[in-house]
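Asker: Coordinates only, no sequence provided:
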């Protein structure tokens with residue numbers, strides 16, 4: 001037993017009892033639930049009254065039990081960007097894990113091919129050793145007019161040859177790539193994604209509604225388009241860096257919403273619920289329209305997450321963080337604020353905001369755990385990595401990624417594979433990097 005009353009997770013097993021959210025749709029909130037952990041995996045999970053008589057483990061009462069969260073779009077933390085700096089990437093991933101995000105995809109912004117290859121070569125080893133859950137390429141096959149906080153000089157036309165080179169270099173660790181439907185060779189890029197089990201994510205785009213529908217294989221609802229053989233799709237931070245929804249110029253948003261509502265197993269929409277990127281009314285609307293099985297809450301966090309305000313970088317661009325809002329530094333001749341440059345929030349904070357905005361607790365948790373895990377195949381054994389763990393929900397056999405929080409969703413303890421993680425409670429620095 002630790003000083004704060006939480007079990008240490010070592011020895012013959014660990015039992016936690018309290019209000020329980022498994023992350024699985026339909027489970028809701030179990031008022032009196034128990035999770036039993038042994039050997040780094042979940043041995044049993046469910047209502048306490050149904051705990052099998054043969055399970056003999058000391059159980060500790062806690063306020064609220066959640067699955068470890070899964071972030072499929074994250075650029076870094078604590079002064080470090082996911083890049084060719086392996087030690088910095090480990091620190092960033094470790095910080096997010098200790099704050100409740102026990103599975104993180106490292107997102108790489110648009111860069112020259114040789115830079116991307118160097119980053120992939122370094123970070124794939126962190127995926128293979130379990131530090132990261134995978135890699136996400138956010139570009140460079142996107143649209144310059146919608147580049148946001150990315151270097152427009154690094155954005156290029158779609159090239160199947162380059163994409164294949166990057167995916168081969170990743171050795172199965174690249175799990176998603178953001179593509180603009182209007183980029184060159186879009187259909188060939190998507191076909192390569194399917195061959196390599198990579199999720200194509202539509203984003204940083206100026207596409208029309210018709211162009212988006214065509215990109216999804218002519219999807220028009222029902223059974224046409226987006227067939228089972230096509231695999232999953234996602235939308236990169238819905239609403240951000242795509243045309244606004246207009247009643248005469250609808251753009252991609254209504255098509256993506258319809259696809260997610262009618263085919264939740266095919267289309268998942270990323271949302272940054274940090275109160276900066278999208279308004280709470282929009283977050284409520286999307287949850288009401290498509291439900292948590294079609295939403296992946298993300299952070300889009302950059303190096304300033306867990307740090308103080310100040311100057312940072314995102315890729316090759318300078319960023320200024322003020323009041324925890326990250327924006328590109330405008331040039332000396334531009335009096336307007338720069339584009340929003342990623343975010344500084346943590347995923348558990350975004351879950352807490354959703355609940356404060358009226359989203360049911362179980363729905364907010366599902367959108368930050370089970371749905372993103374399912375999207376990236378993290379809830380299934382990975383044939384490319386024998387012995388890989390299943391994550392995303394609290395269920396027997398899954399890796400024991402467990403959060404203990406207060407009723408107000410303040411983190412008390414995170415466990416990854418049954419091991420308690422140390423929080424950096426004073427991580428905000430007095431300086432910037």
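Answerer: On my side now, so go ahead. Computed from a predicted model, the values in this text were never measured in an experiment.
Asker: Low-confidence ranges, the chain, go.
Answerer: 1-12, 219-229, 332-335, 383-388, 424-433 (pLDDT under 70).
Asker: residues making contact with the top helix by length along it?
Answerer: With secondary structure taken from DSSP state H, the chain has its longest helix at helix 113-128. Here helix 113-128 makes contact (C-beta atoms under 8 Å, 6 or more residues apart in numbering) with 82-86, 89-90, 93, 106, 108, 111, 132-135, 137, 140, 162, 165-166, 169-171, 173-174, 385. Using the backbone N, CA and C atoms, a C-beta is placed for each residue, glycine as well.
Asker: among those residues, which are in strands?
Answerer: Mapping those onto strands (DSSP state E) picks out 106, 108, 134-135, 137, 174.
Asker: can you pick the most crowded of the residues you listed?
Answerer: Per-residue neighbour counts (other C-beta atoms under 10 Å) across those peak at residue 106, which has 31 neighbours.
Asker: That one reaches residue 93, doesn't it?
Answerer: Yes - contact criterion C-beta atoms under 8 Å: residue 106 and residue 93 qualify, at 7.4 Å.
Asker: which residues do those two both contact?
Answerer: 126, 132.
Asker: Just the buried residues out of the contacts of helix 113-128, in PyMOL syntax.
Answerer: If you want just the buried ones from these in PyMOL, going by 16 or more other C-beta atoms under 10 Å, the selection is:
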select buried, resi 82+83+84+85+89+93+106+108+111+132+133+134+135+137+140+162+166+169+170+173+174
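Asker: who are the neighbours in contact with residue 330?
Answerer: Residue 330 touches 336-338, counting by C-beta under 8 Å, 6+ apart.
Asker: Secondary structure class of it, three-state.
Answerer: Look at residue 330: counting by DSSP: H, G, I helix; E, B strand; the rest coil, its state is coil.
Asker: swap in residue 17?
Answerer: Three-state assignment for residue 17 (three-state DSSP): strand.
Asker: Roughly how far does it sit from residue 46?
Answerer: For residue 17, the distance to residue 46 equals 11 Å [C-beta to C-beta, to the nearest Å].
Asker: again, but for residue 178
Answerer: On the measure of C-beta to C-beta, residue 178 and residue 46 end up 38 Å apart.
Asker: For those two, indicate the residue with more neighbours.
Answerer: More crowded of residue 178 and residue 46, by other C-beta under 10 Å: residue 178, with 29 against 19.
Asker: Pretty sure that one sits against residue 233.
Answerer: No - if you go by C-beta under 8 Å, residue 178 and residue 233 don't touch, sitting 11.4 Å apart.
Asker: Overlap in contacts, those two.
Answerer: By C-beta under 8 Å, 6+ apart, residue 178 and residue 233 have these common neighbours: 201-202.
Asker: got a list of what residue 191 touches?
Answerer: Applying C-beta under 8 Å, 6+ apart to residue 191 gives no contacts.
Asker: my read is it is in a helix, agree?
Answerer: Yes - under three-state DSSP, residue 191 sits within a helix.
Asker: just to revisit the earlier point, which one of the contacts of residue 330 has the most neighbours?
Answerer: residue 338 leads the contacts of residue 330 on contacts (other C-beta under 10 Å) with 18 neighbours.
Asker: Please name the residues that touch the residue nearest to that one when sequence neighbours are not counted.
Answerer: Distances taken as C-beta to C-beta, 6 or more residues apart in numbering put residue 328 closest to residue 338, at 3.2 Å, once the chain neighbours are dropped. By C-beta under 8 Å, 6+ apart, residue 328 lies in contact with 149, 314, 317-320, 338-339, 341.
Asker: for residue 165, same thing?
Answerer: If you count contacts by C-beta under 8 Å, 6+ apart, then residue 165 has 113, 117 around it.
Asker: again, 10 Å this time
Answerer: 113, 116-117, 120, 159 (C-beta atoms under 10 Å, 6 or more residues apart in numbering).
Asker: which one among these gets closest to residue 410?
Answerer: residue 120 (36.3 Å; C-beta to C-beta).
Asker: what about that closest one, distance to residue 355?
Answerer: 36 Å.
Asker: One more: residue 299?
Answerer: On the measure of C-beta to C-beta, residue 299 and residue 355 end up 16 Å apart.
Asker: These two: which is more packed in?
Answerer: Remark: of residue 299 and residue 355, residue 299 carries more neighbours, 30 against 17, as counted by other C-beta under 10 Å.
Asker: can I assume that one is in contact with residue 347?
Answerer: Yes - applying C-beta atoms under 10 Å, one finds residue 299 in contact with residue 347, separated by 5.3 Å.
Asker: Could you tell me which residues touch both of those two?
Answerer: In contact with both residue 299 and residue 347: 69, 71, 74, 96, 101, 104, 273-274, 305, 368, using C-beta under 10 Å, 6+ apart.
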